[in-house]
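In: I would like the atomic coordinates for the input below:
(one chain, ligands or ions: 1)
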Amino acid sequence: MPGAERSDVRTLDNFIGGRWVEARATEFFDVHNPAVGDIIGRTPLSTADDVDAAVQAAAQAFPGWRDTPVNARAQYLYKFKALCEQHFEALARTVTTEHGKTLDEARGSVRRGIECAEVACGAPSLMQGFGLEDISKGVDCHVVRQPIGVVAAIAPFNFPAMVPMWFLPFAIVTGNTFILKPSEQVPLSQRMMVDLLQQCDLPPGVVNLVNGGRDVVNAICDHPGIRAVSFVGSTPVARHVYQRATHAGKRAQALGGAKNFVVVMPDADFDRSIDIISESFYGCAGERCLAGSMLIPVGDAHREARDRMVAAAKALKVGDGTTPGVTMGPVISAGHRDKVIGYIEKGLSEGAQLLVDGRTTRVEDRPNGYFVGPTVFDNVSAKMAIGHEEIFGPVASICPVKTLDEAIAMMKAHPNANATSIFTSSGKAAREFAKHATASMVGVNIGVAAPMAYFPFGGAKDSFFGDLKAHGRDGIEFYTDKKVTISRWF
Ligand code: NAD
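Out: Below you'll find the model as predicted:
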């Protein structure tokens, strides 16, 4: 949606070579506060020339940065972490203002982002290579990990402060220079984080930020000066970015969309589980790649799972995420609200039974916010649109099955395989489930199976294109080349 010229709304700049500079954009995207409906900023839809300027700055900074000792590089991240702690509340509030999630959810996401910087500070250990003497008489061999050059990351709208941190700290601590492309829908917290990085006196060009949309993404994929691309977003764009970037000879990792199955066995501890299950479906208004979407009660679990889910959905308080007591915020935009409502209507027309209807939810003091209330459908089948497509909103689709095998078969048949959970008190059922789940992130009595910063994050099948996943040891591997030196001294 291009924005009209308005003098009271600030247009964001790009950050290139250590300075905020105006983009060469002629089109702009309005940033909204989704709880209020107001325009709070304008994202320039930058051009391939802006990307090129960022690549030049990053390339110029690379030789000096890779020669900076790794422990000295880590010191910048220690300073950055300290500044993030100091500005923690302001960061969380910015996330809520541009995205809509509640302040508590925003705080949780900022914390997860900071944890990535903390883990990356371990680079002097994590980056170490290995070696072996006397691989032949008088010949030694050793391996060192080296940075690969200029790398870029492209972020989605749903975790503005956290997702960029899956990449940025790991990329720069290993000696690469970095270009970030935020989602045009939520550029404000990323601007704030880059401001904090600048206060750490990071050398110019080590971190750059280019605002924009698809043209910037395509320019990043094509630019010969960029060696690796990380992407997080929907499956069609993830596939496109992976194919385009690898076609241009780059390393790529592209995390895509999800349709997550939450299986509830008859022996589940419902008293302890239901809040966790409800949080999986309705936390962040369902706009999480790890959010539950399909609730699969097995056998006798159906009635209790359904009744408790209905009660949990009705107990949520929808409103502005900054208002105390609100437990679910709006979705990101008017367009996305209409899309989610469209799915609810499709569910009805395809014969699912609507038990809680979020279409009519209104928030009195926020009449222009993009709200959809928590919604529960029963008797959903995998053939229905709501049983198959990613809704990315607060809609729980209950699909009862007779056996755990049936639940697993349904999951295997789906092209996405990001996250999944089982609720049970049976170790055997949990083991079977974890072993056969196609998704790569599995929760056992955990609703949102989010790997912490020291573990790999990413799915399988159409939820992930690439091999090395985000953060943890995979992050270090992705951003380094293993150089083998074989030596003999006469
Ligand atoms: P999106 O795919 O619409 O956008 C992601 C990024 O791609 C943005 O920066 C956007 O500017 C850019 N983009 C959009 N359309 C493009 C196009 N046609 N060509 C090139 N670039 C394009 O995703 P979104 O709506 O911002 O985020 C939500 C999606 O991200 C959901 O599908 C969600 O499941 C997924 N997601 C996945 C993970 C994961 O770990 N797998 C994490 C977060 C979000």
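In: which residues touch the residue of the stretch 201-350 of the chain found nearest the ligand?
Out: Residue nearest to the ligand within the stretch 201-350 of the chain: residue 233 (2.7 Å; CB to the nearest ligand atom). Just so you know, the C-beta spots here come from the backbone N, C-alpha and C atoms, and that holds for glycine as well. Contact analysis of residue 233 by CB atoms under 8 Å, 6 or more residues apart in numbering lists 154-156, 183, 241, 255-257.
In: near the ligand too, which of the residues you listed?
Out: 154-156, 183, 255-257 (CB under 6 Å from any ligand atom).
In: and the contacts of residue 233, which are buried?
Out: When neighbours are counted using 16 or more other CB atoms under 10 Å, the contacts of residue 233 contain these buried positions: 154-156, 183, 241, 255-257.
In: same list (the residues you listed) but as JSON lines, adding secondary structure and pLDDT.
Out: Formatted as JSON lines, the buried ones among the contacts of residue 233 follow (DSSP: H, G, I helix; E, B strand; the rest coil; pLDDT from 0 to 100):
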{"residue": "154", "secondary structure": "strand", "pLDDT": "99"}
{"residue": "155", "secondary structure": "coil", "pLDDT": "98"}
{"residue": "156", "secondary structure": "coil", "pLDDT": "98"}
{"residue": "183", "secondary structure": "coil", "pLDDT": "98"}
{"residue": "241", "secondary structure": "helix", "pLDDT": "99"}
{"residue": "255", "secondary structure": "strand", "pLDDT": "98"}
{"residue": "256", "secondary structure": "coil", "pLDDT": "98"}
{"residue": "257", "secondary structure": "coil", "pLDDT": "98"}
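In: contacting residues for residue 63?
Out: Residue 63 neighbours (CB under 8 Å, 6+ apart): none.
In: for it, give me phi and psi.
Out: Geometry field for residue 63 lists phi and psi as phi -60, psi -40, criterion degrees, to the nearest 10.
In: and the end-to-end length of stretch 166-182?
Out: Using CA to CA, to the nearest Å, the end-to-end distance of stretch 166-182 comes to 13 Å.
In: no no, stretch 419-427
Out: With CA to CA as the measure, stretch 419-427 spans 19 Å from end to end.
In: what do you get for stretch 146-163?
Out: End-to-end distance for stretch 146-163, by CA to CA: 24 Å.
In: can you list phi and psi of the closest residue to residue 413 other than its chain neighbours for me?
Out: Closest residue in space to residue 413, ignoring its immediate chain neighbours: residue 382 at 6.8 Å, by CB to CB, 6 or more residues apart in numbering. Main-chain dihedrals, residue 382, degrees, to the nearest 10: phi -70, psi -20.
In: contact partners for residue 382?
Out: 388, 399, 410, 413-414.
In: can you rerun that using 10 Å?
Out: 259, 261, 294, 296, 388, 397, 399, 401, 409-411, 413-414 (CB atoms under 10 Å, 6 or more residues apart in numbering).
In: mark which of the residues you listed are part of strands, please.
Out: Applying DSSP state E to the contacts of residue 382, the entries found in strands are 261, 294, 296, 397.
In: would you reformat those residues as a markdown table and include pLDDT, neighbour count and distance to the ligand?
Out: Below are these laid out as a markdown table (pLDDT from 0 to 100; neighbours: other CB atoms under 10 Å; distance: CB to the nearest ligand atom, whole Å):
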| residue | pLDDT | neighbour count | distance to the ligand |
| --- | --- | --- | --- |
| 261 | 98 | 26 | 14 |
| 294 | 98 | 24 | 14 |
| 296 | 98 | 29 | 19 |
| 397 | 98 | 28 | 16 |
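In: CSV for those, including distance to residue 177?
Out: Below are the ones in strands among the contacts of residue 382 laid out as CSV (distance: CB to CB, whole Å):
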residue, distance to residue 177
261, 40
294, 42
296, 46
397, 44
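In: so which bits of this structure are right by the ligand?
Out: So the chain meets the ligand at 154-158, 163, 181, 183-184, 213-214, 217-218, 232-234, 237, 240, 255-258, 289, 390, 392, 418, 459, 463 (CB under 6 Å from any ligand atom).
In: could you rerun that using 5 Å?
Out: 154, 156-157, 183, 213-214, 217, 232-234, 237, 255, 257-258, 289 (CB under 5 Å from any ligand atom).
In: for residue 468, see how far away residue 124 is.
Out: 20 Å (CB to CB, to the nearest Å).
In: who has more neighbours, these two?
Out: Set residue 124 next to residue 468 and count neighbours by other CB atoms under 10 Å: residue 468 wins out with 19 against 14.
In: quick one: residues contacting the more buried one.
Out: 228, 230, 251-253, 456, 458, 474-479.
In: dump the residues you listed to CSV, plus pLDDT and neighbour count.
Out: Shown next, in CSV, are the contacts of residue 468 (pLDDT from 0 to 100; neighbours: other CB atoms under 10 Å):
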residue, pLDDT, neighbour count
228, 98, 21
230, 99, 31
251, 98, 19
252, 98, 23
253, 98, 27
456, 98, 17
458, 98, 25
474, 98, 19
475, 98, 29
476, 98, 23
477, 98, 19
478, 98, 25
479, 98, 30
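In: CSV for the ones next to the ligand among the contacts of residue 233, including distance to residue 19?
Out: CSV is the format used below for those (distance: CB to CB, whole Å):
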residue, distance to residue 19
154, 22
155, 22
156, 27
183, 23
255, 31
256, 34
257, 36
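In: which one of those sits closest to residue 55?
Out: Nearest to residue 55 among those: residue 154, at 14.4 Å, using CB to CB.
In: I'd say the closest one and residue 254 touch.
Out: Yes. Using CB atoms under 10 Å, residue 154 is in contact with residue 254, at 8.7 Å.
In: overlap in contacts, those two.
Out: What both residue 154 and residue 254 touch, as defined by CB under 10 Å, 6+ apart, is the set 229-233, 237-238, 241, 245.
In: got TSV for the residues you listed, with distance to residue 23 and secondary structure too?
Out: Output for the shared contacts of residue 154 and residue 254, formatted as TSV (distance: CB to CB, whole Å; DSSP: H, G, I helix; E, B strand; the rest coil):
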residue	distance to residue 23	secondary structure
229	20	strand
230	22	strand
231	21	strand
232	22	strand
233	21	coil
237	21	helix
238	25	helix
241	21	helix
245	22	helix
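In: give the contact list for residue 74.
Out: For residue 74, the contact set (CB under 10 Å, 6+ apart) comprises 117, 120-124, 127, 169, 172-173.
In: tell me how far it lies from the ligand.
Out: Distance, residue 74 to the ligand, using CB to the nearest ligand atom, to the nearest Å: 26 Å.
In: can you map out the helices along the stretch 151-300 of the chain?
Out: 168-173, 188-199, 214-222, 235-247, 270-282 (DSSP state H, counting those that start in this stretch).
In: okay, those, which one's buried deepest?
Out: Highest mean neighbour count among the helices of the stretch 151-300 of the chain (mean count of other CB atoms under 10 Å): helix 168-173, with a mean of 29.
In: coming back round to it: go through the helices of the stretch 151-300 of the chain and name the closest to residue 431.
Out: Using CB to CB, those put helix 270-282 closest to residue 431, at 18.2 Å.
In: how about that closest one as PDB, C-alpha atoms only?
Out: Provided in PDB are the C-alpha atoms of helix 270-282 (Å, rounded to 0.1, in the frame of the first residue of the first chain):
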ATOM      1  CA  PHE A 270      -5.800 -31.200  31.000                       C
ATOM      2  CA  ASP A 271      -5.600 -29.000  34.100                       C
ATOM      3  CA  ARG A 272      -1.900 -28.200  33.500                       C
ATOM      4  CA  SER A 273      -2.000 -28.200  29.700                       C
ATOM      5  CA  ILE A 274      -5.000 -26.100  28.600                       C
ATOM      6  CA  ASP A 275      -3.400 -22.700  29.200                       C
ATOM      7  CA  ILE A 276      -0.300 -23.800  27.400                       C
ATOM      8  CA  ILE A 277      -2.400 -25.100  24.500                       C
ATOM      9  CA  SER A 278      -4.400 -21.900  24.300                       C
ATOM     10  CA  GLU A 279      -1.300 -19.800  24.400                       C
ATOM     11  CA  SER A 280       0.100 -21.800  21.400                       C
ATOM     12  CA  PHE A 281      -3.000 -21.000  19.300                       C
ATOM     13  CA  TYR A 282      -3.700 -17.400  20.500                       C
END
